[in-house]
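In: The following comprises the amino acid sequence and a computationally predicted model.
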Amino acid sequence: MSKYHPETEAIMGGRPDRTPGKAVNGGIQLSSTFYVGGENNYGRYNNETWQDLESVLGKLENGQALIYASGLAAVTAVLDLIPGGGKFVIPTASYLGTGALISELEKKGRIKPIWVDITKTDEVIAALDGAQMLYFESPTNPLLDVAEVQKFIDAAHARKILVAVDNTFATPLNQKPLDMGADVVIHSLTKALSGHSDILLGAAITKSADLYEKLLVHRKFHGSIAGPFEAWLALRGVRTFPMRMRQSSESAAILVDRLKKDPAISRVRYPGFGFMISIEFHGGAAAADKALAAAKIWSNATSLGGVESLWERRRLHPEEPETVPESLIRMSVGCEHVEDLWSDLAQALLSSGK
């Protein structure tokens, strides 16, 4: 268990020893090779800047962390834990990149996905028999459905099945799946943890020494490593992660109350916490596109979790499944003043009906 609150761990973790006269912040380790005889020997195996970031992430999730070149690289490493041709259970409501990756692996006969509806707990549990892994997000991307996480974990472990949870949307401030018994937690560090929309990184975190070693071997020999500069930027972003999340989450809750009353909106999807909202329009995709075009503060761009507020119509991505409504806009609430965000939203929503 972490010794301090997450706000403190995010700031204290991954720093050099407190040697008088030495730097408070760690450096960027720019070397591909190291002198023989120490812990590090080659840049594809390890790097001190990676280790600083991994130390903080491990403390935030109460496990041992490994960083990867992207969130999808971390997902790939976790799916590689499934034996060849093995079955695994995954909700249909999942990040489109994960779904596309799974489709490619299925075509090659590498894995056999069993697709389920995450909102139907009994259906998910019934599908577990004969599977090697249960993999899910909660909340889901972009529908923001929330799983009965503890029930899923308990049911899977009763069948000796690995559980992997993508915790990118919830973040360790709202949910700690490892403490609930999950075997592996995945993060796209590109999103809220780094928080500045300027890097691509991912992480896999576990309490199991055996799984850690397997994930490490995958990183070493698949070459899905992070650049040291990107790792340093992510570490700097993590320092302010709790403060940014608090601001974004408080604003999101205020915006949700107002969006529910707006006549242009047919549905607001919000899990009750966090910085993500999804909305649907009475006027369909055309109305959604008009709103996107009219915004001045909200940026019509993909991704999420940055200091800037982003929104986009998800079905513009051809990989997004038909279960996602055509008019659905996914909103990532940033750190701008909430009244400015609402003022811009209000005029954009008004424009959607013109």
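Out: Sure thing, it's come through.

In: Between the two ends of stretch 202-215, what distance do you get?
Out: Counting by C-alpha to C-alpha, to the nearest Å, you get 13 Å between the two ends of stretch 202-215.

In: Distance from the chain centre to that stretch, please.
Out: Distance of stretch 202-215 from the chain centroid (C-alpha atoms, centre = their mean, to the nearest Å) equals 17 Å.

In: which other helices and strands contact the longest helix anywhere in the chain?
Out: As far as residue count goes, and with DSSP state H defining each element, the longest helix of the chain is helix 241-259. Contact partners of helix 241-259 among helices and strands, from 3 or more C-beta pairs under 8 Å, 6 or more residues apart in numbering; DSSP states H and E: helix 6-12, helix 171-174, strand 265-269, strand 276-281, helix 338-351. Bear in mind the C-beta positions are built from the backbone N, C-alpha and C, glycine included.

In: Run through the residues that contact Ala226.
Out: With contact set as C-beta atoms under 8 Å, 6 or more residues apart in numbering, Ala226 has these partners: Asn47, Trp50, Ile67, Tyr68, Ala69, Leu201.

In: make it 7 Å
Out: The neighbours of Ala226, taking C-beta atoms under 7 Å, 6 or more residues apart in numbering as the test, are Trp50, Ile67, Tyr68, Ala69, Leu201.

In: That one falls within a helix, correct?
Out: No. Applying DSSP: H, G, I helix; E, B strand; the rest coil, one finds Ala226 to be coil, outside a helix.

In: Leaving out chain neighbours, which residue sits closest to it?
Out: Counting by C-beta to C-beta, 6 or more residues apart in numbering, Ile67 is the residue found nearest to Ala226 once chain neighbours are left out, at 5.0 Å.

In: where does the one you found land in three-state SS?
Out: Using three-state DSSP, the secondary structure recorded for Ile67 is strand.

In: That one: neighbour count?
Out: Each residue near Ile67 was counted by other C-beta atoms under 10 Å, and the total is 28.

In: That one against Ser55, yeah?
Out: No. The pair Ile67 and Ser55 fails to qualify as a contact (C-beta atoms under 7 Å) at a distance of 10.7 Å.

In: Need the residues touching each of the two.
Out: Common contacts of Ile67 and Ser55, defined by C-beta under 7 Å, 6+ apart, are absent altogether.

In: Measure how the longest helix of the chain sits relative to strand 276-281, angle-wise.
Out: For helix 241-259 against strand 276-281, the angle by axes from the mean of the first three to the mean of the last three C-alpha atoms, to 10 degrees is 20 degrees.

In: on that earlier part again, between the contacts of Ala226, which sits nearest Lys354?
Out: Using C-beta to C-beta, the shortest approach to Lys354 within those belongs to Leu201, at 41.2 Å.

In: I'd say that closest one and Thr190 touch.
Out: Yes. A contact is recorded between Leu201 and Thr190 when judged using C-beta under 7 Å, the distance being 6.0 Å.

In: what is in contact with those two at once?
Out: Any residue near both Leu201 and Thr190 by C-beta under 7 Å, 6+ apart counts here, and that gives Ser70.

In: so Arg330 touches Leu143, yeah?
Out: No. Taking contacts as C-beta under 7 Å, Arg330 lies outside contact range of Leu143: 9.1 Å.

In: Now do the shared contacts for the two.
Out: Ser278.

In: residue boundaries of the strands in the protein?
Out: 64-68, 86-91, 111-116, 133-137, 162-166, 184-188, 202-206, 265-269, 276-281, 299-300, 310-313, 329-332 (DSSP state E).
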